[in-house]
Structures are given as C-alpha cells and as structure tokens.
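[1] just the structure for this:
(one chain, ligands or ions: 1)
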Amino acid sequence: MELTEIKKFIATNNIKPDDFIYHTWRDIEEDGVSKGKIRILVLKKDNIARTEFICPSCGKHGYKEKEWERPFSIKCDCGNTIKVPKLKDQAKREMKSRKD
Ligand SMILES: [Zn+2]
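    Below you'll find the model as predicted:
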C-alpha cells in the first residue's frame, strides 16, 4: 500500500517548499524489516502536522491531523503509537548491515 493523501494535498493546494516547515517520508523498520510508513507535512501558516501512515502494528492506512510538536508521535486507531524513526538510527543500522 502506498501513501497518497499528502501527495494529493500538495498537488491540490500547489504547496511549494517555502510553504512548509517540515516534510518527511520514512519507512518504519523493525529489526531491519520495513513494517510501515509515515509521511508528515507541516505548513508554516497553521503548524498542523498532516500525517499519513501505514501502521506497523495493524497494517492499516491512516490519515490524521494534529498540532506539530517534537518529539512527534501519532496514535493509530488500533492503539499503537507511531513515532517518527530517527534518521540517525536508520543510517547507523544501514552502515551496520553493510558491514555484516
Ligand atoms: Zn494500527
């Protein structure tokens, strides 16, 4: 399953890089296996995190909006809290797996 809501939002509202303060799109991995996805877009004008995800716990595709804050997490309807994976951790793991 792919994430399409935020893509659509960006196209429909003609969002430019200058319009947002944060935009990320990451795989959620467990033990090096991709289990889910999260994409977050925060616009300068409202500070709302538009969050689209595939829950790593139940596999459901979801879209939620909440006020942007760090550290950021969002709750799936199944009760699972989805956190934004740190890029540093992913990079470290990638380096480690290359060595192995
Ligand atoms: Zn879930």
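
[2] what pairs with the helix or strand residue 82 falls within, parallel or antiparallel?
    Per DSSP states H and E, residue 82 falls inside strand 81-83. When pairing is defined by DSSP bridges, strand 81-83 lines up against strand 73-75 (antiparallel).

[3] count the residues that sit near residue 40.
    The local packing of residue 40 (other CB atoms under 10 Å) involves 20 other residues. (C-beta placed from N, C-alpha, C; glycine too.)

[4] check which residues of the strand holding residue 82 are buried.
    Across strand 81-83, burial judged by 16 or more other CB atoms under 10 Å covers residue 82.

[5] quick one: it to chain centroid distance?
    With CA atoms, centre = their mean, to the nearest Å as the basis, strand 81-83 stands 10 Å off its chain's centre.

[6] so which residues make contact with it?
    Residues from elsewhere that reach strand 81-83 (CB atoms under 8 Å, 6 or more residues apart in numbering): 28, 36, 38, 53, 55, 56, 71, 72, 73, 74, 75, 76.

[7] redo that, cut-off 6 Å
    Strand 81-83 is contacted from outside by 53, 73, 74, 75, using CB atoms under 6 Å, 6 or more residues apart in numbering.

[8] check stretch 55-69 too.
    Outside stretch 55-69, the residues that touch it by CB under 6 Å, 6+ apart are 1, 5, 28, 35-36, 42, 47-54, 74, 76, 78, 80.

[9] cool, stretch 39-48 as well?
    Outside stretch 39-48, the residues touching it (CB under 6 Å, 6+ apart) are 3, 6, 19-25, 49-52, 65, 68.
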